[in-house]
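Participant: Predicted model, plus sequence, below.
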Amino acid sequence: MALPPCRVIGAVPDCGCPEVPGLFHPRPGRVIVARIDGIHDMGGMHGFGPVVVPGCDEAYEEQWEARTFAMSTIVGIEGLGKGGGRPIREEMEPEHYLHASYYERWLWSTEQRLLRKGTIAPGEVDAWVERLLAGEPVPQRLDPGQAARDRAAISEESPLGTAEETRFSPGDRVRVRRWRHAGHTRCPRYVRGAEGEVAAVRGSDHLPDIGPYEGPLEPVYSVSFHSDDLFGVSDERRWTVFLDLTETYLEPV
């Protein structure tokens, strides 16, 4: 059966040809270009030290981190930037990404979003740094209306839609498709190729890989995996990992 012409959005090209080598079609009419994953996909990697350390339950280590989180949030709510924070952070040079702290990456992506929208000009941030170092007062702006608007926005709930038709049901054994992504994805590298069990149908959401977050609505499943199947046998006790995965990521066992 011939596939219809491919139509994709964003960083993935509109090739119109399902037979081009190196392309993966998760379902008819959609194509994802095979390319190497970035350094940002660090889940399950060894060599970065313990996950749980003293003070890790604190939301911020320094005050500037809270301000960075607030700026990033306001940029999105007020439409001041272009693009999403996480997909843009994945564009960081590998060495820069590894040396940067969590909120340094957020700060970098927030600046990039502002630049791409034209809200700030190239070099404007560096110029302000020089002015502040020279002793110029930090500019102040009080906008109670904006503050109230943004507080209301972050308090809004955004539940998943209802999944009308699903390929899988709770209890089904599934395997995560194994392929390299052209850009942003919410399918972590460490789970690709692993087998698990559908624990629940969460609802429906847009496929993140196209756009990003502009793909078609798909069912979202909670899938359980045994830790040994993901990371290998270790001296630690076996535990269960639950991941929410869209339907494109999964295939039947």
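Facilitator: Nice, I can see it.
Participant: Run through the strands of the chain in chain order.
Facilitator: Shown for the chain, the strands assigned by DSSP state E span residues 23-24, 32-33, 173-176, 195-206, 217-226, 240-246, 250-252.
Participant: Where does the prediction get shaky in the stretch 1-150 of the chain?
Facilitator: Applying pLDDT under 70 to the stretch 1-150 of the chain flags residues 1-37.
Participant: my read: residue 107 touches residue 68, true?
Facilitator: Yes - Residue 107 lies in contact with residue 68 (C-beta atoms under 8 Å); the separation is 4.9 Å. C-beta: built from backbone N, CA, C; applies to glycine.
Participant: Same list, the strands of the chain, but as TSV with mean neighbour count please.
Facilitator: Below are these laid out as TSV (neighbours: other C-beta atoms under 10 Å):
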stretch	mean neighbour count
strand 23-24	17
strand 32-33	20
strand 173-176	18
strand 195-206	18
strand 217-226	20
strand 240-246	17
strand 250-252	15
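Participant: Among these, which comes closest to residue 101?
Facilitator: Ranking the strands of the chain by proximity to residue 101 (C-beta to C-beta) places strand 240-246 first, at 25.5 Å.
Participant: Specify the angle between that closest one and strand 195-206 in degrees.
Facilitator: Counting by axes from the mean of the first three to the mean of the last three C-alpha atoms, to 10 degrees, strand 240-246 lies at 40 degrees to strand 195-206.
Participant: from the chain's centre, how far out does strand 240-246 sit?
Facilitator: Between the centre of strand 240-246 and the centre of its chain there are 15 Å (C-alpha atoms, centre = their mean, to the nearest Å).
Participant: what angle do that strand and strand 217-226 make?
Facilitator: On the basis of the same axes, to 10 degrees, strand 240-246 is oriented at 160 degrees to strand 217-226.
Participant: Could the C-alpha coordinates of strand 240-246 be exported in PDB?
Facilitator: Below are the C-alpha coordinates for strand 240-246, written out as PDB (Å, rounded to 0.1, in the frame of the first residue of the first chain):
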ATOM      1  CA  THR A 240       9.400   0.300  38.300                       C
ATOM      2  CA  VAL A 241       9.700   3.300  36.000                       C
ATOM      3  CA  PHE A 242       6.500   5.000  34.700                       C
ATOM      4  CA  LEU A 243       6.700   7.100  31.600                       C
ATOM      5  CA  ASP A 244       3.900   9.000  29.700                       C
ATOM      6  CA  LEU A 245       4.400   8.300  26.000                       C
ATOM      7  CA  THR A 246       2.400   9.300  22.900                       C
END
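Participant: ok, back up a step: any chance of the strands of the chain in a markdown table, plus distance to residue 153?
Facilitator: Listed next are those as a markdown table, based on distance: least, C-beta to C-beta, whole Å:
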| stretch | distance to residue 153 |
| --- | --- |
| strand 23-24 | 37 |
| strand 32-33 | 32 |
| strand 173-176 | 34 |
| strand 195-206 | 19 |
| strand 217-226 | 23 |
| strand 240-246 | 23 |
| strand 250-252 | 33 |
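Participant: Where among those is average confidence lowest?
Facilitator: Among these, strand 23-24 carries the lowest mean pLDDT, a mean of 39.
Participant: Name the residues of stretch 167-181 that are buried.
Facilitator: Neighbour-count burial for stretch 167-181 flags 167-168, 172, 174-177, 179, 181 (criterion: 16 or more other C-beta atoms under 10 Å).
Participant: Looking at the residues you listed, point me to the pair that's furthest apart.
Facilitator: 172 and 181 (24.1 Å).
Participant: follow-up on the earlier one: what's the closest of the strands of the chain to residue 117?
Facilitator: Judging these by C-beta to C-beta, what sits closest to residue 117 is strand 195-206, at 21.5 Å.
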